[in-house]
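J.: any chance you can model this:
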Amino acid sequence: MYKKIGVILCFLFGMTVLFAEVADNWYVQKPIRGIHFEGLEHVSKAELDEIFSSYRGKKWSDDVYWEILQKLYALDYFSEIVPKAIPADPDYESVLLQFSVKEQPAIIGIKFTGNNRLRSGDLLSKILLKKGDIYNEIKLKTDEESLRKYYLEKGYAAVQLSSTVDKTADGIIIHFTITEGKQTVVSEIHFEGNTVATEKTLKKTLASQEVRFLTAGIFKESNLEIDKTAIHNYYAERGYIDAHVENIIQKIDDKTNPQKNLVSLTYVIMEGQQYLFGGVTISGNRLFSTKELESKISLKKGAVLDMTLFESGFQAIADTYFENGYTSNHITKEEHRDPSTKEVSFTITIIERARSHIENIFIRGNKKTKDSVILREMLLEPGDVFSKSKFTDSLRNLFNLRYFSSIVPDIQPGSEQDLIDIVLNLEEQSTANIQFGITFSGASTANSFPLSLFVQWEERNFLGRGSSISVNGSAATDTQSLKANYTENWFLGTPLTVGFDFGITHKYLYSNQDVLYPMFTDKDAKASKGLVPPDPFSTWEEYKANPTLAEAYKMKYNRLELDFGMHTGYRWFPRYAMITLRGGINFSLVKNFYNADLYRPSDFAVRNQQRRWSLSNVFWTGVSFDNRDFAYDPSKGWFLSEKISFFGLLPKIEDEYFFRSETKGELYFTLLNYPVSPVWNLKFVLAFYSSFSFQLPYPKQAIGENSKLLVDGIFAGFGWTSLGMAGTGDVLIQHRAEFRWPLAHGILSFDFFFDAAAVKQDLKSLKKLTINDYYFSFGPCLRFTLPQFPLRLMFANTFRSNNWKPYWGNGKGADWKFVLSFNTPNL
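T.: Reported below is the predicted structural model:
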């Protein structure tokens with residue numbers, strides 16, 4: 001300590017001398033142009049720039065200089081520091097601080113001795129110090145504890161660990177010496193004193209588990225306290241509020257297994273007597289009625305006392321105040337027992353205080369993201385009355401940005417009794433990604449090869465201002481495209497989204513033909529709403545009898561599309577859901593290329609777009625209500641949206657004029673969320689999805705074949721990929737149920753789905769909708785929830801129904817058809 005103070009004083013003296021060589025105090029109140037370091041070998045220049053970048057532009061003063069100095073020494077990276085002040089311009093109007101440094105010894109090696117059971121790579125991942133880092137004694141002690149804790153988690157209760165440091169001319173070598181001892185596993189679990197609950201039932205409540213097939217059964221001393229609490233809670237939920245574990249008898253067998261210690265655990269339980277709920281008395285409440293507060297406790301007088309349920313009700317009473325901004329109230333409960341009736345009643349005393357207002361919102365850990373980007377997602381601001389629901393919704397908004405890997409909120413007392421500070425501790429994650437490689441393109445035709453080359457650059461938090469920009473290109477056998485997008489999520493500081501899209505796309509497409517007699521005109525197409533029977537058929541009845549024959553008569557053509565789009569949206573945040581109103585307009589220039597002397601498409605729109613460059617414009621608008629906890633991988637909540645689109649905006653110029661409506665709904669329930677480890681929960685989610693879409697041509701107009709709604713087997717009717725025109729129409733209905741099991745939260749989930757989709761020719765035909773119209777499928781699915789890899793790997797078994805009698809889609813049996821779909825969230 002004294003040595004460091006002496007160094008700092010010498011440092012200050014040297015700085016004064018160096019500064020005096022140019023002119024007396026010329027640098028005072030001059031802006032700091034930059035801070036440079038010379039002599040760096042292992043310390044990252046980028047790390048230092050990040051730490052000291054905030055001082056650029058500040059005016060030099062003793063306080064600023066002392067602050068820089070303190071930070072520099074706090075790093076403990078350097079044994080010598082020599083300062084130098086350099087004029088940053090010929091007029092001495094700004095100063096450049098230069099530090100010549102000599103680094104502390106760097107770590108050139110980390111070695112482990114005695115780790116026979118755990119790999120060195122696993123141990124290295126648990127420590128802070130890495131090869132190339134500057135040696136730090138405090139970090140070394142922390143790493144020792146981390147390794148010891150890791151061994152204990154793996155069941156090595158007798159582990160001994162120490163470290164030594166070898167100083168060489170080249171740097172520091174750290175040696176960790178480990179005596180692992182035997183791993184301890186739980187061989188048996190027994191109970192004594194349990195008359196109410198069976199041994200099998202109690203075992204299910206424990207964190208400690210017996211070693212079994214697929215169960216490691218690792219013994220952890222820390223789990224014993226968790227077990228005691230779990231057993232107490234089990235009994236307390238059933239009226240045995242005095243039940244507790246008096247002792248846990250451990251018997252260790254170190255003889256039977258030469259590699260492991262086997263421990264037998266016996267939990268000695270005192271159950272006590274069962275109590276009933278005698279009611280609750282509430283006093284001190286003036287803001288809310290007694291009846292309203294009592295309704296928060298769902299226990300009925302005379303029922304078996306469930307302490308978990310009572311505590312939940314007690315917390316709900318506190319939340320009633322908390323939700324309305326009364327965060328400084330004092331709420332206590334007192335227990336009263338009646339031994340004669342075996343009843344327990346409670347008195348809840350409330351000391352009401354004034355509402356709490358938000359004094360400050362502090363943000364920590366955001367190095368890239370601007371404070372304004374974070375604060376605009378908050379539904380609360382300084383001066384507001386605190387609201388728990390608004391606070392929770394604000395955190396949800398921040399999570400859905402996907403800018404942060406960790407968000408840890410904290411509420412602290414303000415400068416006065418009725419003031420509070422909100423502190424947001426953030427850990428940023430990468431928001432930019434560059435992707436390239438081979439992926440499945442999700443081809444929509446049987447003739448298309450599903451692999452494509454792609455390259456994409458995306459930045460979701462451009463310049464830390466919350467806007468997004470992306471450029472991507474792809475090349476497949478049937479489609480090549482280049483697209484760009486820019487979106488400003490908060491236009492002019494309001495929750496108004498404004499975005500622009502640009503794109504150029506080339507496609508190889510297939511179309512049914514109409515070159516054989518009788519040939520249908522555009523007038524015939526409009527009369528039949530765009531559906532004319534393809535070659536070689538003259539009527540739809542002939543086509544339905546043998547639809548696969550039309551495949552042999554299909555023609556191939558090229559399509560070039562130039563697209564420009566603008567979109568906007570606005571968001572509201574009422575208590576029940578986030579409401580988003582969106583709208584946009586897309587302009588497209590389309591041209592088809594084929595030899596008109598040899599081919600004649602049955603789709604009138606394809607023919608028209610071959611004769612000339614055609615406009616294809618769309619105006620759309622929509623509204624959504626979002627109550628999901630996380631938009632990209634929900635586990636609870638609901639979503640509802642309606643989108644309407646108008647195709648064809650300029651009369652007599654475009655080829656298609658029609659209206660489309662799309663209604664979607666989602667519902668999510670968490671069935672189970674059980675913590676298995678500190679980093680993983682066993683979680684089951686039930687998801688439901690329904691959509692209803694229809695489109696109507698304008699009077700005397702028709703909808704082209706390529707614009708029809710369809711069961712494609714990828715987005716609708718999973719597995720039904722070869723329906724052809726039989727799967728197209730102007731009405732599409734889809735229902736889906738999914739059982740979801742997240743294997744790696746936010747990354748991968750195993751799902752089981754049941755899907756049903758039906759397509760009808762028009763709204764009038766809905767009157768005849770029956771179960772026979774649905775295309776069903778079911779099967780397992782691996783669903784990737786990473787935004788960079790939003791895929792579903794599905795195995796679909798298809799079937800239909802004939803008057804409620806199911807039959808397989810292939811006529812034989814379960815086909816387990818592989819389907820690659822996309823996991824794109826509705827927003």
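
J.: okay, CA-based contacts and neighbour counts for the rest of this
T.: Will do.

J.: buried stuff in stretch 743-759?
T.: Applying a neighbour-count criterion of 16 or more other CA atoms under 10 Å, one finds 743, 745, 748-759 buried in stretch 743-759.

J.: need the helices for the chain, in chain order.
T.: 2-20, 45-52, 62-74, 120-124, 137-153, 199-203, 221-236, 290-294, 307-323, 371-375, 388-401, 522-527, 540-545, 604-611 (DSSP state H).

J.: which among those helices is found nearest to Asn627?
T.: Closest approach to Asn627 among the helices of the chain is made by helix 388-401 (9.7 Å; CA to CA).

J.: C-alpha coordinates for the closest one, CSV please?
T.: Output of helix 388-401 as CSV, limited to C-alpha atoms (Å, rounded to 0.1, in the frame of the first residue of the first chain):
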residue,chain,number,x,y,z
LYS,A,388,-44.8,-3.2,-10.8
SER,A,389,-46.7,-4.2,-14.0
LYS,A,390,-45.1,-1.3,-15.9
PHE,A,391,-41.7,-2.3,-14.5
THR,A,392,-42.2,-5.9,-15.6
ASP,A,393,-43.4,-4.9,-19.0
SER,A,394,-40.4,-2.6,-19.4
LEU,A,395,-38.0,-5.5,-18.6
ARG,A,396,-39.8,-7.6,-21.2
ASN,A,397,-39.3,-4.9,-23.8
LEU,A,398,-35.6,-4.9,-23.1
PHE,A,399,-35.3,-8.6,-23.3
ASN,A,400,-37.2,-8.6,-26.7
LEU,A,401,-34.6,-6.2,-28.1
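
J.: helices or strands next to that helix in the packing?
T.: Counting contacts by 3 or more CA pairs under 8 Å, 6 or more residues apart in numbering; DSSP states H and E, helix 388-401 is packed against helix 307-323, strand 404-413.

J.: still on that earlier bit, which one, of the helices of the chain, ends up nearest to Lys664?
T.: Closest among the helices of the chain, using CA to CA: helix 388-401, at 20.3 Å.

J.: ok and that closest one relative to helix 307-323, angle-wise?
T.: Orientation check (axes from the mean of the first three to the mean of the last three CA atoms, to 10 degrees): helix 388-401 against helix 307-323 gives 90 degrees.

J.: tell me how far helix 388-401 is from the chain's mean position?
T.: Helix 388-401 sits 13 Å away from the centroid of its parent chain (CA atoms, centre = their mean, to the nearest Å).

J.: who's in contact with it?
T.: 319, 322-325, 374, 377-380, 404, 407, 575, 629-632 (CA atoms under 8 Å, 6 or more residues apart in numbering).

J.: can you list the buried residues in it?
T.: Lys388, Ser389, Lys390, Phe391, Asp393, Ser394, Leu395, Arg396, Asn397, Leu398, Phe399.

J.: quick one: which two of these are the most distant?
T.: The widest separation within the buried residues of helix 388-401 (CA to CA) is 16.7 Å, between Lys388 and Phe399.

J.: so where is the stretch 551-700 of the chain shaky, pLDDT-wise?
T.: For the stretch 551-700 of the chain, the stretches with pLDDT under 70 are 678.

J.: mind listing the strands for it?
T.: 555-572, 578-593, 614-615, 618-626, 637-647, 658-677, 680-697 (DSSP state E, counting those that start in this stretch).

J.: what is the nearest of the buried residues of stretch 743-759 to Ala484?
T.: Distance ranking of the buried residues of stretch 743-759 against Ala484, using CA to CA, places Leu748 first at 28.2 Å.

J.: for the residue lying closest to that closest one once chain neighbours are set aside, give me its contacts.
T.: Closest residue to Leu748 apart from its sequence neighbours, by CA to CA, 6 or more residues apart in numbering: Phe784 at 4.6 Å. Shown in contact with Phe784 (CA under 8 Å, 6+ apart): Ile747, Leu748, Ser749, Pro790, Leu791, Arg792, Asn823.

J.: and Thr505, by the same measure?
T.: Neighbour list for Thr505: Thr479, Gln480, Ser481, Leu482, Leu560, Glu561, Leu562 [criterion: CA under 8 Å, 6+ apart].

J.: state the distance from the closest residue to the first one other than its chain neighbours to Met794.
T.: In other words, Thr479. Excluding its sequence neighbours, the residue lying closest to Thr479 (CA to CA, 6+ apart) is Lys507, at 4.4 Å. Note on Lys507: its distance to Met794, by CA to CA, to the nearest Å, is 26 Å.

J.: ok, these two, which is more surrounded?
T.: Using other CA atoms under 10 Å, the more surrounded residue of Lys507 and Met794 is Met794, with 24 against 18.

J.: touching, the more buried one and Phe818? I think so.
T.: Yes. The criterion here is CA atoms under 8 Å, and Met794 meets it with Phe818 at 5.7 Å.

J.: quick check: of the contacts of Thr505, which lies closest to Ser146?
T.: The closest of these, once distances to Ser146 are taken by CA to CA, is Leu482, at 49.1 Å.

J.: grab the nearest non-local neighbour of that closest one.
T.: Gly473 (4.4 Å).

J.: let me see the contact set for the one you found.
T.: Shown in contact with Gly473 (CA under 8 Å, 6+ apart): Phe454, Val455, Gln456, Gln480, Ser481, Leu482, Lys483.

J.: now, of the residues you listed, which are buried?
T.: Buried members of the contacts of Gly473, counted by 16+ other CA under 10 Å: Phe454, Gln456, Gln480, Ser481, Leu482, Lys483.

J.: minimum pLDDT in those residues, which residue is that?
T.: Lowest pLDDT within these is found at Phe454 (78).

J.: could you break the protein into its assigned domains?
T.: 2-103, 107-179, 183-270, 276-351, 357-428, 490-822 (automatic domain parsing).

J.: want to throw these into CSV with distance to Asn461?
T.: Formatted as CSV, those follow (distance: least, CA to CA, whole Å):
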stretch, distance to Asn461
domain 2-103, 18
domain 107-179, 29
domain 183-270, 41
domain 276-351, 32
domain 357-428, 7
domain 490-822, 12
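
J.: compare those domains and give me the one nearest Arg460.
T.: Closest among the domains of the chain, using CA to CA: domain 357-428, at 7.9 Å.

J.: quick one: average pLDDT of the closest one?
T.: Mean predicted lDDT for domain 357-428 stands at 89.

J.: tell me how far it is from the chain's mean position?
T.: Put simply, domain 357-428 sits 19 Å off its chain's centre (CA atoms, centre = their mean).

J.: now the end-to-end length of that domain.
T.: 28 Å.

J.: report the contact partners of Trp572.
T.: Going by CA under 8 Å, 6+ apart, Trp572 touches Pro495, Met578, Ile579, Thr580.

J.: for it, list each beta-bridge partner.
T.: Beta-bridge pairing for Trp572 (DSSP bridges): Ile579.

J.: out of the strands of the stretch 551-700 of the chain, which comes closest to Leu97?
T.: Leu97 sits nearest to strand 555-572 of all the strands of the stretch 551-700 of the chain, at 46.9 Å, using CA to CA.

J.: before we move on, back to that, in strands only, show me the buried residues of stretch 743-759.
T.: Using DSSP state E, the subset of the buried residues of stretch 743-759 located in strands is 743, 748-759.

J.: any weak-confidence spans in the chain?
T.: In the predicted model, the chain carries pLDDT under 70 at residues 1-24, 437-451, 522-531, 678, 787-788.

J.: re earlier: closest to Gln315 among the contacts of Thr505?
T.: The closest of the contacts of Thr505 to Gln315 turns out to be Leu482 (CA to CA; 54.9 Å).

J.: does that closest one touch Asp501 like I think?
T.: No. Counting by CA under 8 Å, Leu482 stays clear of Asp501, with 11.0 Å between them.

J.: which ones are touching Arg607?
T.: By CA under 8 Å, 6+ apart, the contact set of Arg607 is Asn592, Arg600, Pro601.

J.: need the buried ones from those selected in PyMOL.
T.: The PyMOL command for the buried members of those (criterion: 16+ other CA under 10 Å) is given here:
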select buried, resi 592+600+601
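
J.: among the contacts of Arg607, which one sits closest to Lys333?
T.: Nearest member of the contacts of Arg607 to Lys333, counting by CA to CA, is Asn592, at 77.0 Å.
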